[in-house]
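**Q** What follows is a predicted protein model with its sequence.
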Amino acid sequence: MKRPVHSVTEILDAIAQGRQRTNLLRKYEQRFIAFLVRFIPSWVSSNMLTAVGFLGNVLVFLSFVLAAKISGYWLFLGIAGFAISWFGDSLDGRIAYYRNKPRKWYGFALDIAVDWLGIVLIGLGFILYANGYLKIVGYAFITFYGLEIIIALMRYKITGNYSIDAGLLGPTEARIAISLFLLIEIVFKGTLQYMALVAVAVLIISSFSELKKLLDAADAQDREEKRAQDRESKNIVELKRAEKR
């Protein structure tokens, strides 16, 4: 059966469900995703796209290993891997909403688990590629990207709002930046490790900034719940007084 034609606005509304985006490229990214979902064959499932996204991360890992052992030109494989990772990771949930077959909680759990495994792979690949003390940059990347994931989950628990972005920076911007770093490394070998050091510093600053915002939101939530409890206690006392009259 031929898929019904939807307007761009309808598709954008459909694929925007279940997620708030704040990243710098969100407008262009969402429109591109809205264009792509119309051409995904019906036999391609969300789980298959998730697997494609994870495969992209595996290719990034392999690119670091092969670049370290054979030739720096293998880093081109990493750039392709990030593109594949974006394709699978960006479309797996959006295709489900486009087809009106979302699995909100299943998809949420699967995405978080697969994203984390992908980040560990990429960080491990960099550790194997880096020299000397700069290997710690890969460890820091895994640690603080993991913190970003934890912050996103805690934000969802506290505020009910789920976002995969840290302000204007999101996974898409991160993939583009790292791909540019890889390209520069191919031309000027040895620069990647120092650019990664700067990138991790930005990630650390972003993590603590988002954590501060989260703690402020948590504090406000605590105060609101305390006021609600006080109002409830006051109402109970007044009700008991009224009953005694």
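**A** Thanks, I have the structure now.

**Q** Only the buried residues of stretch 141-159, if you could.
**A** Using 16 or more other CB atoms under 10 Å as the burial criterion, the residues of stretch 141-159 that qualify are 141-148, 151-152, 154-155, 158. Yep, even glycine has a C-beta here, placed from its N, CA and C like the rest.

**Q** Not counting its own residues, what contacts that stretch?
**A** For stretch 141-159, the surrounding residues in contact (CB atoms under 8 Å, 6 or more residues apart in numbering) are 112, 115-116, 119-120, 122-124, 126, 161-164, 166, 196, 199-200, 203-204, 206-207, 210-211, 214, 217-218, 221.

**Q** check contacts around the closest residue to residue 134 other than its chain neighbours.
**A** Here the nearest residue to residue 134 in space, its sequence neighbours aside, is residue 193; by CB to CB, 6 or more residues apart in numbering that works out to 4.4 Å. Shown in contact with residue 193 (CB under 8 Å, 6+ apart): 130, 131, 134, 137.

**Q** Can you give me the distance of residue 193 to residue 136?
**A** When CB to CB, to the nearest Å is the yardstick, residue 193 and residue 136 sit 11 Å from each other.

**Q** In this structure, where is pLDDT below threshold?
**A** Low-confidence segments of the chain, defined by pLDDT under 70, span residues 1-10, 12-19, 167-168, 237, 242-245.

**Q** Just the helices from it, written as ranges.
**A** With helices called from DSSP state H, the chain shows them at 8-15, 26-37, 46-69, 75-98, 104-129, 135-159, 171-187, 192-244.

**Q** Return the most buried member of those helices.
**A** helix 75-98 (a mean of 22; mean count of other CB atoms under 10 Å).

**Q** Could you check how far the residue nearest to the spatial centre of the chain is from residue 59?
**A** Taking CA atoms, centre = their mean as the criterion, residue 164 is the residue nearest the geometric centre of the chain, at 4.2 Å. For residue 164, the distance to residue 59 (CB to CB) stands at 21 Å.

**Q** Over to residue 108?
**A** Taking CB to CB, one finds residue 108 at 25 Å from residue 59.

**Q** Next, the distance between the ends of stretch 123-143.
**A** End-to-end distance for stretch 123-143, by CA to CA, to the nearest Å: 9 Å.

**Q** Can you give me the neighbour number for the closest residue to residue 66 other than its chain neighbours?
**A** Closest residue in space to residue 66, ignoring its immediate chain neighbours: residue 74 at 3.8 Å, by CB to CB, 6+ apart. Residues lying near residue 74 (other CB atoms under 10 Å) number 18.

**Q** My understanding was that residue 74 contacts residue 61; is that so?
**A** No. Look at residue 74 against residue 61 with CB atoms under 8 Å: they stay out of range, at 11.4 Å.
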